[in-house]
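Participant: next input, structure requested:
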Amino acid sequence: MLQKLRLLILPILVLSWRELVRFSRQKSRWLSALGQGAAFWILMGAGLKGSFHFPGMTELTSMQYFFPGTLLLVILFSSLFSTFSVIDDRNEGFLQSVLVSPTPTTSIVLGKVLGGALLALLQAAFLLSAAPLAGYAFQFSTFFHLLFLLFIISCGMTSLGFAIAWRVESTQGFHAIMTLFFFPLWILSGALFPLAGASTWLRRIMEWNPMSYQLSAIQTALSAPISSNASSFSSHDTSGLALGVTLLFTGCAIGAAILWTRRSLQ
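Facilitator: This is a model prediction of the structure:
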């Protein structure tokens, strides 16, 4: 029993550590990872300051409104970009060598997902430290609560990215999927405009968009008074519903990545 547990856990730790080491050796990724989110938030918040007039948000500044959405964007891009390594490992032959080893398929998936999620969390934590500059005041307990929430979201996004990268043959194809599918979902999460201000057909899409609930969970953890976005989820308990959908999405994404990988190897 102990030997089986070791065979399951050890590859997860090794593969996740490999992702962290690879990132640390690529100096060009550091600047992009640490500065991209902050630059986007500052430019969006400052650029739209004069035209920021949403119903029910009179006490909310543009810098405050765009901060949770930028956190979600950093998680999204960092998680998906980290799964590019799946394509690189396959082209370089590393993935084939891992697959012929006694390493369980579950460990391969969880190892890559854990490594990518930790990288995404690291980049999001850098931006999260700027929350007081956006006007959010919270204690250390809230900070760690947010880190845990962002880690859950990162695991879900990385698992989804892994499942896609497992089937895609090139990084160009992966980029196309990100541009066509994931970025519009982020836009329709409420990160750029609130759900209450959208047209009827856009509102329906946003209500079924899992990223909308992820964003709502981040806003709740930040104690952001975005009432018009929160009230759009019917009469449900917004905070509980958002967290529940986020956990469900992550669990389904991890399970789908494992099943997808296993079936492709049969």
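
Participant: got any ranges where the stretch 101-250 of the chain has weak pLDDT?
Facilitator: 138, 197, 224-239 (pLDDT under 70).

Participant: now the strands for it?
Facilitator: Taking DSSP state E, counting those that start in this stretch to define them, one finds no strands in the stretch 101-250 of the chain.

Participant: which residues sit against stretch 111-122?
Facilitator: 11-20, 23, 33, 74-75, 78-79, 82-83, 85-86, 147, 150-151, 154-155, 157-159, 161-162, 254, 257 (Cβ atoms under 8 Å, 6 or more residues apart in numbering). Where C-beta positions appear, they are placed from N, C-alpha and C, glycine not excepted.

Participant: before we move on, what about stretch 87-101?
Facilitator: For stretch 87-101, contacts defined as Cβ under 8 Å, 6+ apart pick out 11, 15, 86, 108, 165, 168-171, 174, 265.

Participant: flag every buried residue along that stretch.
Facilitator: By neighbour count, with 16 or more other Cβ atoms under 10 Å as the criterion, the buried positions of stretch 87-101 are 87, 89-90, 95, 98.

Participant: with just CA atoms, put that stretch into CSV.
Facilitator: Output for stretch 87-101, consisting of C-alpha atoms alone and laid out as CSV, is shown next (Å, rounded to 0.1, in the frame of the first residue of the first chain):
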residue,chain,number,x,y,z
ILE,A,87,3.1,20.2,-26.4
ASP,A,88,6.9,21.0,-26.0
ASP,A,89,7.4,17.8,-23.9
ARG,A,90,5.7,15.7,-26.6
ASN,A,91,7.7,17.2,-29.4
GLU,A,92,11.0,16.8,-27.5
GLY,A,93,10.2,13.2,-26.5
PHE,A,94,10.1,13.7,-22.8
LEU,A,95,6.4,13.0,-22.6
GLN,A,96,6.8,9.7,-24.4
SER,A,97,9.5,8.6,-21.9
VAL,A,98,7.2,9.4,-19.0
LEU,A,99,4.3,7.5,-20.6
VAL,A,100,6.3,4.2,-21.0
SER,A,101,7.4,4.4,-17.4
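
Participant: can you classify L76 by secondary structure?
Facilitator: Using DSSP: H, G, I helix; E, B strand; the rest coil, the secondary structure recorded for L76 is helix.

Participant: my guess is it meets M157, correct?
Facilitator: Yes: with contact defined as Cβ atoms under 8 Å, L76 counts as touching M157 (5.7 Å).

Participant: more crowded one of these two?
Facilitator: Residue environment comparison for L76 versus M157 gives the larger neighbour count to M157, 29 against 25, counting by other Cβ atoms under 10 Å.

Participant: what sits against the more buried one?
Facilitator: M157 makes contacts with 75-76, 79-80, 117, 120, 253, as judged by Cβ under 8 Å, 6+ apart.
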